[in-house]
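*Asks:* fold the following and give me the result.
(one chain, ligands or ions: 2)
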Amino acid sequence: MALDLLTVAPDYPLDLLTPAQMGAVDAQAALAGLVVFDLMDRAGTEVAEVVQTRWTPRPVLVLCGPGNNGGDGWVAARRLRDAGWPVRLVSLVPLSALTGAAAAHAARWSAPVEVWEGAGPSLGETALIVDALFGAGLTRPLPPAVRRWLARTTALPLVAVDVPSGLDGGTGVPLGWAPQAALTVTFHRYKPGHFIMPGKSLCGDLHLIDICIPANIRPPDRIETQLNHPRLWQTALRPPRLADHKFTRGWAMIRAGHPESGGMAGAAILSSRAARRVGAGLVSLVTPAALSDWPGTMVTTKPWADACAEKRATGFLLGPGNGVSPATAAAVLAAAATGAPLVLDADALTSFAGDADRLRRGLAGPCVLTPHEGEFARLFAGTPVDLTQGRLSRARQAARWMGATIVLKGPDTLIAHPDGRVIVQPWAPPALATAGSGDVLAGIILGLMALGISASDAAAAGVWLHAAAGQRAGAHGMIAEDLVDFLPEILDKFIEKSLY
Ligand SMILES: NC(=O)C1=CN([C@@H]2O[C@H](COP(=O)(O)OP(=O)(O)OC[C@H]3O[C@@H](n4cnc5c(N)ncnc54)[C@H](OP(=O)(O)O)[C@@H]3O)[C@@H](O)[C@H]2O)[C@@H](O)CC1
Ligand SMILES: [K+]
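*Replies:* Ligands and ions are numbered 1, 2, ... in the order given. You can find the predicted model right below:
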């Protein structure tokens, strides 16, 4: 789902509810007098509306499961038929097995019903499938015959009701397998699985439908997963103040690699430019070998230990182009021991592969780690983090165990905090997957932390600003250097004018 990240306030609810939390909301809605029959009526009616908006009338096959997800399907089928669409309805179970609101809506269906048999229904003229088999109530992998049937129909567009059946809405990981949807229509609140890979990709386009459950009906437990949005961190961004001088705006130290030892100074230069663009007053590039001068960035060959001893330093970044080595690990631990804000990326992470506990014990202050999948797996192999779990669970476990904010990069970047909260970036341009892009992100987060912004706000804001710069740069031909140049105008949109 492409989202306009340049809009200051795109409007969507931030809370992502697990299937269990959604169930608790349903139960409370019922206690508050909302009738499931009516909620289902709204849900199914909206599914039919969305289908009619996207496609012209064509033969549609609606697959209805045994529970309330199936109930939504009965309503959608009825509405589409009322609108003149040729509709076939296939129920996974005999009608006598339906209960409650689903049974009540099934009773309103006045056309023939096919009950699933053997290998499943023939496709005939079908040009569109509505998958209302299982939603929040999925407890086990799809029945094999259903899975085989769905796998055979991938040439047809599929509309998923709530989630593609088989997808765990809580995690984004299929219980075995789930079909690829062209469109997923969900209700009341998005679920984590709509935004976390591979679920994010399996859902296709997303539509959220308000089925009129009041916002004050909330699950009893803490909502631990939210979508990223400027309203989470916007007030933490601040414009320069009249009395500011460069040191009050933060002094960030970046360790650049030795060019002759394979370290790439270019990566550190990208990070330093990004840190300065987001407002750090001063950025030093600390390098063991003389680099050509880079205007505005202080390039120094002083030892890293001296940089760590600088009391006015308000942030350190290690990793981009540093090389994987014991020397890099030692430099990380020296910076970590200062207790100043710390950002670790790339080689700084991989230098602790197989020894992550040493890093964990060395962290004395706020820290953001920005691994991609490969770096994450190398760093957390052999730790208590269960690498067989999905991205949400792994990021959450890693942040808790490490006691640091983890930005797990990818098409669904996750920002996990040690307290268990996870912020999910709703969208980012795929063009950001390019060399140097991660160095820019690390530099943005460093710059924000050096300004005094908390690790959690800096990480969430950084991921958003980086993605917004990517959007501004356009879909074609963007290179990492361009991102940095778009940061001023992006910041201008998000720093609240009321603060000036
Ligand atoms: N949010 C709201 O307010 C509203 C929610 N609404 C809708 O309700 C949906 C949730 O409904 P739900 O709780 O009835 O669960 P649902 O997904 O239909 O499945 C449960 C059934 O499936 C069965 N079953 C599970 N897995 C299976 C498998 N692999 N293979 C075979 N069977 C399997 C399971 O059997 P059991 O595990 O109990 O043996 C049970 O019989 C939600 O996604 C949304 O679409 C709307 O109506 C509007 C209001
Ligand atoms: K479904």
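*Asks:* which residues touch M402?
*Replies:* A356, L359, R360, L363, C367, L369, P418 (CB atoms under 8 Å, 6 or more residues apart in numbering). Any C-beta I mention is one placed from the backbone N, CA and C, and that applies to glycine too.
*Asks:* strands paired with the helix-or-strand element of the chain with minimal mean pLDDT, and their directions?
*Replies:* Least confident helix or strand, the chain: strand 298-300 with a mean of 84, by mean pLDDT, DSSP states H and E. Here strand 298-300 is paired, per DSSP bridges, with strand 282-286 (parallel).
*Asks:* pull out the buried residues from the strand it pairs with.
*Replies:* Across strand 282-286, burial judged by 16 or more other CB atoms under 10 Å covers L282, V283, S284, L285, V286.
*Asks:* between these, which sits nearest ligand 2?
*Replies:* Among the buried residues of strand 282-286, V283 lies closest to ligand 2 (CB to the ion), at 50.1 Å.
*Asks:* bridging residues for the closest one?
*Replies:* Applying DSSP bridges, one finds that V283 bridges with A252.
*Asks:* which residues touch it?
*Replies:* V283 touches W251, A252, M253, I254, S272, A275, R276, T297, M298, G447, counting by CB under 8 Å, 6+ apart.
*Asks:* what's across from the residue positioned nearest the centre of the chain in the sheet?
*Replies:* Geometric centre of the chain, nearest residue: V424, 3.1 Å, by CA atoms, centre = their mean. Counting by DSSP bridges, V424 is bridged to L227, L414.
*Asks:* tell me the contacts of it?
*Replies:* V424 touches 16, 192, 195-196, 225-228, 392, 412-415, counting by CB under 8 Å, 6+ apart.
*Asks:* top of those residues by number of neighbours, please.
*Replies:* Counting neighbours by other CB atoms under 10 Å, the top entry in the contacts of V424 is I415, with 31 neighbours.
*Asks:* rewinding a little: now tabulate the contacts of V283 in JSON lines and tack on distance to G70.
*Replies:* Output for the contacts of V283, formatted as JSON lines (distance: CB to CB, whole Å):
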{"residue": "W251", "distance to G70": "61"}
{"residue": "A252", "distance to G70": "56"}
{"residue": "M253", "distance to G70": "59"}
{"residue": "I254", "distance to G70": "56"}
{"residue": "S272", "distance to G70": "57"}
{"residue": "A275", "distance to G70": "53"}
{"residue": "R276", "distance to G70": "57"}
{"residue": "T297", "distance to G70": "61"}
{"residue": "M298", "distance to G70": "65"}
{"residue": "G447", "distance to G70": "51"}
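*Asks:* now, of those residues, which are buried?
*Replies:* Using 16+ other CB under 10 Å, the buried ones in the contacts of V283 are W251, A252, M253, I254, S272, A275, R276, T297, G447.
*Asks:* check contacts around the second one.
*Replies:* Neighbouring residues of A252 by CB under 8 Å, 6+ apart: 272, 275, 280, 282-284, 313-317, 446-447, 450.
*Asks:* picking up where we left off before, from the contacts of V424, pick the one nearest L465.
*Replies:* Nearest to L465 among those is N228, at 10.7 Å by CB to CB.
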